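Asker: my questions are about this predicted structure, shown below with the sequence.
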Amino acid sequence: MTTGNNNHSLRLINIDSDRHARDYIKRSLTDKGIRVIGEADDLKGGLRLIRGLQPEVVVLELPASASETIEAVRKIREELPATGIILSAHDPSSQLILSCMRAGVQEFVGRPVDAPQLEKAVEHVRRIQERMINTRSRRGTVVSVFSSKGGVGATSVVANLGVALADRFDARTVLVDLSFQMGDLALMLNHPPKYSLTDALHDGVIEESKLRSVLTEHHSGVHLLTVAASPEIGEEITRQHMVELFGTLNTMFDYIIVDVGRHLDDRTVEVLELSDRILMMTSLDVPTIRNVSRYLNIFEQLELDRDKIHMIVNRFHKKSRLSLKDIEMALGMETFWTIPNDFEPMSLGIDQGNPAVKEAPRSKVAQSFKDLVESFAAVDGDQSSSAVVEEPST
Ligand SMILES: Nc1ncnc2c1ncn2[C@@H]1O[C@H](COP(=O)(O)OP(=O)(O)O)[C@@H](O)[C@H]1O
Ligand SMILES: [Mg+2]
């Protein structure tokens with residue numbers, strides 16, 4: 001993912017043992033439109049985040065005992081040559097600065113960290129990096145589907161879109177049911193999960209090998225991940241787990257399609273923040289449109305990038321009392337896509353546990369999903385050729 005000409009989409013990880021410093025850095029950088037996508041209080045956790053999330057910039061505290069940190073810098077530089085590295089240090093000697101620079105640090109800031117100085121440092125590494133960055137993305141694309149109202153079709157879109165993407169690009173695709181209560185994505189695909197995300201935790205941390213073992217493969221070729229098999233399990237999951245989960249999935253899959261539902265808390269907000277696109281599901285009726293409007297307001301307050309929110313009108317039919325124009329006026333947002341109302345293939349798909357794009361490939365609704373996928377291709381380029389680590393063995 002390229003950074004563009006401003007800081008807006010810059011993704012940053014901050015490793016700092018001091019919680020106050022972390023909070024201060026997050027606040028001041030977020031004010032400047034930089035996304036702090038992960039935080040850790042020690043090097044070990046920090047390195048895992050960095051490997052998984054592949055940020056554009058890392059801000060790292062340099063403690064008095066510097067050798068471990070310098071070693072970590074060397075590793076980051078080796079594995080992610082394009083990542084900008086900034087150290088915050090209290091009065092470092094010129095000898096120490098030199099060793100750090102040799103290891104791959106590009107900028108220093110003092111401690112306690114001062115926001116304008118840090119901002120300048122970020123701007124500097126961003127410029128260095130823009131010259132270096134590889135235009136080809138090495139991360140998967142995260143598409144979150146948000147259900148503004150029950151029954152609007154979010155789960156149906158996740159299933160059909162996922163399968164259509166996997167088919168079209170031969171792309172490694174995982175569908176994530178983010179419900180913390182008890183999702184219904186697996187039910188819709190008639191593929192009850194044996195495990196859920198908590199089975200992949202080891203000492204509270206998500207392990208990649210375990211994550212692979214809790215994914216299941218649907219006969220359509222997509223993988224499924226159920227976050228919580230019951231509400232009790234859902235309670236164990238934290239925002240940090242989301243950061244780790246998506247960081248890891250990003251390295252394993254080309255497309256990660258998330259059934260977000262409509263429950264908002266710090267965990268879902270984290271996922272929305274790290275999504276490349278958010279599909280806001282709506283239909284042409286007043287209660288749903290009111291809900292969409294409320295959610296769009298909340299998204300604005302959360303400072304989610306509006307450009308990545310795409311409005312999808314489901315069950316579209318021309319004879320409806322409200323027109324697309326009406327809702328575009330009401331919401332101040334253009335329609336990104338319409339999906340026709342097509343009852344037969346959709347319900348057949350559910351009966352057969354096989355999305356309509358596969359079960360009734362010639363239907364209107366299947367064609368709509370296939371065309372939607374083409375529109376993705378126009379933006380994302382050919383996903384199948386972007387490097388992704390290994391095939392998950394499940
Ligand atoms: N475009 C469509 N045409 C006809 N029926 C649809 C369409 N999209 C969804 N449905 C049906 O609407 C119902 C609710 O869809 P679902 O995906 O479960 O909604 P949500 O996840 O937003 O609650 C399902 O029975 C599904 O088959
Ligand atoms: Mg649903």
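Answerer: Yep, it's here. Ligands and ions are numbered 1, 2, ... in the order given.

Asker: contact residues of the protein facing ligand 1?
Answerer: Within the chain, the residues that sit near ligand 1 (CB under 6 Å from any ligand atom) are 147, 150-156, 314-315, 339, 341-343, 346-347, 350, 365. All C-beta atoms are positioned from the backbone trio N, CA, C, and that covers glycine.

Asker: for the spatially closest residue to Phe246 that is not a sequence neighbour, give its distance to Leu87.
Answerer: Once flanking residues are discounted, Phe246 sits nearest to Leu274: 5.5 Å by CB to CB, 6 or more residues apart in numbering. Separation of Leu274 from Leu87 (CB to CB, to the nearest Å): 25 Å.

Asker: outline the domain layout of the protein.
Answerer: Domain assignment of the chain by automatic domain parsing yields the ranges 11-132, 141-385.

Asker: same list (these) but as TSV, adding mean neighbour count.
Answerer: Formatted as TSV, those follow (neighbours: other CB atoms under 10 Å):
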stretch	mean neighbour count
domain 11-132	18
domain 141-385	19
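
Asker: let's have these in a markdown table, adding mean pLDDT.
Answerer: Formatted as a markdown table, the domains of the chain follow (pLDDT from 0 to 100):
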| stretch | mean pLDDT |
| --- | --- |
| domain 11-132 | 90 |
| domain 141-385 | 91 |
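
Asker: re earlier: show me the residues of the chain next to ligand 1 that map onto helices.
Answerer: Under the assignment DSSP state H, those contribute 154-156, 343, 346-347, 350, 365 to helices.

Asker: from Val243, how far out is the residue most central in space within the chain?
Answerer: Centroid check for the chain by CA atoms, centre = their mean gives Ser275 as the closest residue, at 3.2 Å. Plainly put, Ser275 is 13 Å away from Val243 if you go by CB to CB.

Asker: check Leu197 too.
Answerer: Leu197 is 13 Å from Val243, by CB to CB.

Asker: with Glu236 instead?
Answerer: 16 Å.

Asker: and for Ala89?
Answerer: Remark: distance between Ala89 and Val243 (CB to CB) = 26 Å.

Asker: over to Lys308?
Answerer: For Lys308, the distance to Val243 - CB to CB - is 18 Å.

Asker: kindly report the same for Val286.
Answerer: Taken as CB to CB, the span from Val286 to Val243 is 37 Å.

Asker: same check on Arg35?
Answerer: 12 Å.

Asker: equivalent analysis for Leu279, please.
Answerer: In terms of CB to CB, Leu279 sits 22 Å off from Val243.

Asker: could you do Leu161 as well?
Answerer: For Leu161, the distance to Val243 - CB to CB - is 24 Å.

Asker: just Leu187 next, same as before
Answerer: Taking CB to CB, one finds Leu187 at 28 Å from Val243.

Asker: over to Ser363?
Answerer: Counting by CB to CB - Ser363 and Val243 are separated by 39 Å.

Asker: same question, Asp254
Answerer: 20 Å.

Asker: likewise for Glu208?
Answerer: Taking CB to CB, one finds Glu208 at 14 Å from Val243.

Asker: what do you get for Ser67?
Answerer: Distance from Ser67 to Val243, by CB to CB: 27 Å.

Asker: okay, helices next: where are they in the stretch 101-250 of the chain?
Answerer: Residue ranges of the helices in the stretch 101-250 of the chain, as given by DSSP state H, counting those that start in this stretch, are 115-132, 154-169, 185-188, 208-214, 231-235, 239-252.

Asker: CSV for those, including distance to Asp23?
Answerer: Formatted as CSV, those follow (distance: least, CB to CB, whole Å):
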stretch, distance to Asp23
helix 115-132, 12
helix 154-169, 33
helix 185-188, 35
helix 208-214, 29
helix 231-235, 25
helix 239-252, 14
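
Asker: so which of those comes closest to Tyr295?
Answerer: helix 154-169 (12.1 Å; CB to CB).

Asker: restricting to C-alpha, output the closest one in CSV.
Answerer: Provided in CSV are the C-alpha atoms of helix 154-169 (Å, rounded to 0.1, in the frame of the first residue of the first chain):
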residue,chain,number,x,y,z
ALA,A,154,-24.6,-8.1,5.1
THR,A,155,-24.0,-11.8,5.7
SER,A,156,-25.3,-12.6,2.2
VAL,A,157,-22.9,-10.1,0.7
VAL,A,158,-19.9,-11.4,2.7
ALA,A,159,-20.6,-14.9,1.5
ASN,A,160,-21.3,-14.1,-2.2
LEU,A,161,-18.6,-11.4,-2.5
GLY,A,162,-16.0,-13.7,-0.9
VAL,A,163,-16.7,-16.6,-3.2
ALA,A,164,-16.8,-14.4,-6.3
LEU,A,165,-13.5,-12.8,-5.4
ALA,A,166,-11.9,-16.2,-4.8
ASP,A,167,-13.2,-17.5,-8.1
ARG,A,168,-12.3,-14.5,-10.2
PHE,A,169,-8.7,-14.0,-9.0
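
Asker: angle of the strand or helix carrying Asp371 against helix 154-169?
Answerer: Using DSSP states H and E, Asp371 falls within helix 364-380. Following axes from the mean of the first three to the mean of the last three CA atoms, to 10 degrees, one obtains 60 degrees for the angle between helix 364-380 and helix 154-169.

Asker: on contacts alone, who are the packing partners of helix 364-380?
Answerer: Applying 3 or more CB pairs under 8 Å, 6 or more residues apart in numbering; DSSP states H and E, we find helix 364-380 packed against helix 154-169, strand 335-340, helix 343-352, helix 356-359.

Asker: among these, which comes closest to Asp259?
Answerer: helix 154-169 (4.3 Å).

Asker: quick check: closest non-adjacent residue to the closest residue to ligand 1 within the stretch 251-394 of the chain.
Answerer: Ligand 1 sits closest to Met346 of the stretch 251-394 of the chain, with a gap of 3.8 Å, by CB to the nearest ligand atom. Using CB to CB, 6+ apart and skipping residues adjacent in sequence, the residue nearest Met346 is Ala356, 5.3 Å away.
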